[in-house]
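Asks: Give me a 3D structure for the following:
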Amino acid sequence: MNFYEILTLGGVMATILGAFLTLYAIINNRTLKAEARNTNELINQFRREHNETINEFRREHRELIQKMSQSLEDFRREHREMMQKMNQSLEEFRKEHRETIQKMSQSLEDFRREHHEMMQKMTQSLEEFRREHRETMQTMMQALEEFRREHNERMDEFRRSHEETIRYIANLIVTDGERTRQEIRKKARR
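Replies: Next comes the predicted model:
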């Protein structure tokens, strides 16, 4: 083989190689575009689902706050009604007390003893009411703290699960892209 034949053979081989590389680039470009569309579609679907989940959580959170606010308002209303009833009862008691003093002026010692007993009962009732009121308020504050703690835990869990999902999707994208490239390389070698 002389120099020109070798040169001609090299030129033909370069032309064939150029055509092959051009064909490979066209196929690879289409594959990458399809992968990019699929990836974008997955990401957009994930964003939609994420936004729907966040909106649902916010709606449930608002409803829960409304329910708690309503419960608190109901408690306040009931507390006010109870205080009004107690005030009325106390007022009635005072009225009866005055009548009792007028009627029982002769037995002052009995009256003092009965009065003393009644005052002790009222003091105990008032102390019991105060204790129950403090316990109720503590229970409500504990429930509120528990709600806040659970809310924060749920948000943390929600964030972790979404981070894991994003990592998993990213890993799938990378794995699928690598698998596609390997298949193209295998086809190109054939």
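Asks: who does the helix or strand where Asn44 lies touch, helix- and strand-wise?
Replies: Using DSSP states H and E, the element containing Asn44 is helix 3-103. Packed against helix 3-103, as judged by 3 or more Cβ pairs under 8 Å, 6 or more residues apart in numbering; DSSP states H and E, are the following elements: helix 108-189. In this view, the C-beta of every residue, glycine as well, is placed from N, C-alpha and C.
Asks: Measure how the helix it packs on sits relative to helix 3-103, angle-wise.
Replies: Counting by axes from the mean of the first three to the mean of the last three Cα atoms, to 10 degrees, helix 108-189 lies at 170 degrees to helix 3-103.
Asks: Give the residue spans of this protein that score low on pLDDT.
Replies: Along the chain, the parts satisfying pLDDT under 70 run over 1, 101, 104, 106, 111, 190.
Asks: Residue nearest the middle of it, spatially speaking?
Replies: The chain has Met155 as the residue nearest its centroid, 4.5 Å off, counting by Cα atoms, centre = their mean.
Asks: Next up, the contacts around that one.
Replies: Shown in contact with Met155 (Cβ atoms under 8 Å, 6 or more residues apart in numbering): no residues.
Asks: what's next to stretch 147-154, contact-wise?
Replies: Contacts for stretch 147-154 (Cβ under 8 Å, 6+ apart): 61, 64, 68.
Asks: Return the member of those residues nearest to Gln45.
Replies: Set against Gln45, the nearest of those by Cβ to Cβ is His61 (24.4 Å).
Asks: Quick check: the nearest residue to that closest one once chain neighbours are set aside vs Ala36, distance?
Replies: Of all residues not flanking His61 in the chain, His151 sits nearest, at 7.4 Å (Cβ to Cβ, 6 or more residues apart in numbering). Applying Cβ to Cβ, to the nearest Å, the value for His151 to Ala36 is 39 Å.
Asks: same question, Gly18
Replies: If you measure Gly18 against Ala36 using Cβ to Cβ, the figure is 26 Å.
Asks: Ok, Glu157 next?
Replies: Going from Glu157 to Ala36 by Cβ to Cβ gives 32 Å.
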